[in-house]
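Chemist: Coordinates for the following, if possible.
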Amino acid sequence: MDKEAEKITIIEGPTPVFEQTPETWLPSLAEGPAMPTLVLTRLRTFNGPAMVERCWKAWDETRPVFLEYRDEQGETQAAAVVAARYVEVPEGHMLLLYLRLN
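Modeler: You can find the predicted model right below:
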């Protein structure tokens, strides 16, 4: 039986900005026969520690985690989250998601 994926959904706001990242450890998290496109996106969140904990728990249960968002045409898209962390900024918490794009 497949375990249900954990989803982080962007409810409002613009399409996320995907940045190339110079992280040298990131490709080691994305196994496969070809090098996938790996990016970083930054999202404001109310509770960064809780969001990261959701990811950790899902991965501990061998469930995938996806970022669900709307693209510029308004279509729902999903990208696999391969790593997550948060930082505190003056406005609150910022969630840093490292993603594998299709």
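Chemist: pLDDT weak spots in this protein?
Modeler: 1-2, 31 (pLDDT under 70).
Chemist: hey, where'd the strands end up in it?
Modeler: Taking DSSP state E as the test, the strands found in the chain are 6-9, 37-45, 65-70, 76-89, 92-101.
Chemist: Same list (the ones you listed) but as a markdown table, adding mean neighbour count and distance to Trp25.
Modeler: Where C-beta positions appear, they are placed from N, C-alpha and C, glycine not excepted. A markdown table is the format used below for those (neighbours: other Cβ atoms under 10 Å; distance: least, Cβ to Cβ, whole Å):
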| stretch | mean neighbour count | distance to Trp25 |
| --- | --- | --- |
| strand 6-9 | 16 | 21 |
| strand 37-45 | 17 | 11 |
| strand 65-70 | 18 | 18 |
| strand 76-89 | 16 | 9 |
| strand 92-101 | 18 | 10 |
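Chemist: Select, out of those strands, the one closest to Trp56.
Modeler: With Cβ to Cβ, the closest approach to Trp56 among the strands of the chain belongs to strand 76-89: 8.0 Å.
Chemist: Which among the strands of the chain is found nearest to Gln20?
Modeler: Put simply, out of these the one that sits nearest Gln20 is strand 37-45, at 6.4 Å, with distance taken as Cβ to Cβ.
Chemist: any idea how far the closest one is from the chain center?
Modeler: Relative to the chain's own centre, strand 37-45 is displaced by 6 Å; criterion: Cα atoms, centre = their mean, to the nearest Å.
Chemist: Let me know the angle separating it from strand 92-101.
Modeler: 160 degrees (axes from the mean of the first three to the mean of the last three Cα atoms, to 10 degrees).
Chemist: Remind me what strand 37-45 packs against, helices and strands.
Modeler: For strand 37-45, the contact count by 3 or more Cβ pairs under 8 Å, 6 or more residues apart in numbering; DSSP states H and E identifies strand 92-101 as packing neighbours.
Chemist: Could you list every helix and strand in contact with the strand it packs on?
Modeler: Packing partners of strand 92-101 (3+ Cβ pairs under 8 Å, 6+ apart): strand 37-45, helix 48-60, strand 76-89.
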